[in-house]
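Enquirer: Fold the following and give me the result.
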Amino acid sequence: MNNPTSSILQVERLSKTYMLGRATIPVLRDVSLAVNTGEIISIIGASGSGKSTLLHIMGALDQPSGGMVRFQGRDLYALSAAQRTVVRGRHIGFVFQFYHLLPELDVLDNVMLPALSSAGNGAPAVMRARAQSLLESVGLADRANHLPMELSGGEQQRAALARALMNQPDLILADEPTGNLDSVTGGQVLDFLFALTRGEGRTLILVTHNIAVARLCDRVLELKDGRLQGA
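Expert: The predicted structure follows:
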């Protein structure tokens, strides 16, 4: 268990609705949550419960219908879209169920992408060294010059994890990171995810439908009928 000392993320009375024709479909209802620095939490819930929507809003990828998200004390949705992009690029890392590696780039270049798209991340040689070190950390040092299609699913997800950590983000958001993998391979990915998150002192929010995976975290929350329970 981590010993968090301060809050990194605060969600206050968050709501999200979608329009389907003339009908209003509520997805999130009055969700509030505080996440401490260094904490590892899981959010569980049935398919379609809004877990990914909540994660995307917390990561400045999707606009809420109401409420507030504070990241490191800043109201994310009081910022301009350009300012949110900077925050997201420098401070938040994402791991998705589907790896989203660019097929035309080798694994090393895929891992380097977040640094290449964010200003102020050092000289190319420094960035390559960081990417290579991360690949070593996830057991892929010998796959750096391979294309994604030459990797197994588990290897691609480990490369995606390395990419998420490239900019040394304060917060990592993982959306069903083992949902596309068998149990053995998924377990290996989780081992790397938890080890690197704890080893680098990062905060992790993990969305999953798997209660066994959720219980590996410091705290388990459930999203049900648009409301977060256990927060």
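
Enquirer: Quick check, central residue of this structure?
Expert: The chain has residue 173 as the residue nearest its centroid, 1.8 Å off, counting by CA atoms, centre = their mean.

Enquirer: mind listing the strands for this structure?
Expert: 7-20, 23-36, 40-44, 66-71, 74-75, 92-95, 171-175, 203-207, 219-224, 227-229 (DSSP state E).

Enquirer: can I get the ones you listed in TSV with distance to residue 55 and mean pLDDT?
Expert: Using the backbone N, CA and C atoms, a C-beta is placed for each residue, glycine as well. As requested, those are arranged in TSV below (distance: least, CB to CB, whole Å; pLDDT from 0 to 100):
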stretch	distance to residue 55	mean pLDDT
strand 7-20	11	92
strand 23-36	11	92
strand 40-44	7	95
strand 66-71	11	95
strand 74-75	18	94
strand 92-95	9	93
strand 171-175	5	95
strand 203-207	5	95
strand 219-224	10	94
strand 227-229	12	88
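
Enquirer: and of these, who's closest to residue 157?
Expert: Between residue 157 and these, the tightest spacing by CB to CB is seen for strand 92-95, at 7.5 Å.

Enquirer: The closest one pairs with which strands, parallel or anti?
Expert: Neighbouring strands of strand 92-95 in its sheet, by DSSP bridges, are strand 171-175 (parallel).

Enquirer: Identify the residues contacting the partner strand?
Expert: Contacting residues not belonging to strand 171-175 are listed as 8-9, 51-52, 55, 58-59, 71, 91-97, 164-165, 193, 197, 202-207 [CB atoms under 8 Å, 6 or more residues apart in numbering].

Enquirer: again, only using 6 Å
Expert: Strand 171-175 has contacts (CB atoms under 6 Å, 6 or more residues apart in numbering) with 52, 55, 59, 92-97, 164, 202-207.

Enquirer: Equivalent analysis for stretch 50-69, please.
Expert: 11-17, 27-28, 43, 45, 75-76, 84, 88, 92, 173, 175, 207, 223, 226.

Enquirer: Please consider this matter closed, and thank you.
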